[in-house]
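A.B. asks: dropping the sequence and predicted coords here.
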Amino acid sequence: MTKEKAVYSHGHHASVVNSHARRTAQNSAAFLLSHIKRTDQILDLGCGPGSITIDLAELVPEGQVRGVDAVASVLDQARSSAASRGVNNVTFESVDANALPYADGTFDIVFCHQLLQHVQDPVGILREMKRVCNPQGIVAARESIYSSFAWYPAHLQLSAWQEIYLKQAAANGGEPDAGKFLHAWAAEAGFKPADVQTSVTSWCYTGQTAKTWGDMWADRAIHSNFKPISIEKGFATEEDIQAIAKGWREWRDFEHAWFNVPSGEILCRNSS
């Protein structure tokens, strides 16, 4: 079985997983929602704590949703969330997206969110997504464009964070600007250009949401994989990391703090 060779840049510290758990189908998969039918069978790759997955399951009361992630431990939180919300048509299992253990054409919709930026072979995973999607089904993906993140006011330490993250993610074997590549990767994976719909949406944080965003990244600078990998690869020192965390907290306290996170999207009809 193929195994993922890229290193996940963020890791699974609580500061990461809890931020992922705030994602919803509405704020992270709006481009897909109008295409979902009540009876659909949906596969969500890289589901993490399952917040989006469970939302999708609520949209298909006569269907089923399967959330998969390479890290088994994070799926316990997903199962607990589904149980607490009383959602019974969703299951979770540990799977490597490079070699999906499902028959051809199993699912009506195959979706991933912020997964392809962290893998060594995104085209190969899109091929797998295409394979397990039924004819005329949908393959959909949404990925960030880290080099296009924008914020106000300018802050030297946030610029340092962005520069280091871009270096680190690439060194880990991923593509931090994956959102820009999705349509080209889809073509390489065998989708016809006419069957690929592209779009861009963003998360935008101001007021209290900017404070939450700043706190989250301050914690992630110190506690997630960002710190040990940056130091190990020589991109930053301990002092640099502490300064970045302090910078995030300084930025979050500006009265008019604003942060924009753009993501590219593809919605592919599986017609070939």
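C.D. replies: Here it is on my side, so go on. Bear in mind the structure is a predicted one, so any value in this text is a computation, not a measurement. Residues are numbered from 1 along each chain as shown.

A.B. asks: please, where are all the strands along the protein?
C.D. replies: Ranges of strands in the chain, per DSSP state E, are 41-45, 64-69, 90-94, 107-113, 133-144, 150-152, 196-206, 258-269.

A.B. asks: would you mind pulling up the elements that the second one packs against?
C.D. replies: Under the contact criterion of 3 or more Cβ pairs under 8 Å, 6 or more residues apart in numbering; DSSP states H and E, strand 64-69 touches strand 41-45, helix 51-59, helix 72-85, strand 90-94. Heads up, the C-betas are built off the backbone N, CA and C, glycines and all.

A.B. asks: how about those in TSV, adding mean neighbour count, distance to residue 237 and mean pLDDT?
C.D. replies: Shown next, in TSV, are these (neighbours: other Cβ atoms under 10 Å; distance: least, Cβ to Cβ, whole Å; pLDDT from 0 to 100):
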stretch	mean neighbour count	distance to residue 237	mean pLDDT
strand 41-45	25	36	98
helix 51-59	23	35	97
helix 72-85	16	30	94
strand 90-94	18	36	97
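
A.B. asks: mind putting the ones you listed into TSV with distance to residue 206?
C.D. replies: Listed next are those as TSV, based on distance: least, Cβ to Cβ, whole Å:
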stretch	distance to residue 206
strand 41-45	29
helix 51-59	22
helix 72-85	27
strand 90-94	33
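
A.B. asks: using CSV, write out the CA atom coordinates for stretch 182-193.
C.D. replies: The C-alpha coordinates for stretch 182-193 follow below in CSV (Å, rounded to 0.1, in the frame of the first residue of the first chain):
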residue,chain,number,x,y,z
LEU,A,182,-5.9,22.8,-8.4
HIS,A,183,-7.2,23.2,-12.0
ALA,A,184,-3.9,22.2,-13.5
TRP,A,185,-3.6,19.2,-11.2
ALA,A,186,-7.2,18.2,-12.1
ALA,A,187,-6.2,18.2,-15.8
GLU,A,188,-3.2,16.0,-15.0
ALA,A,189,-5.5,13.6,-13.1
GLY,A,190,-7.6,13.1,-16.2
PHE,A,191,-10.4,15.6,-15.9
LYS,A,192,-11.5,17.4,-19.0
PRO,A,193,-11.0,21.2,-18.7
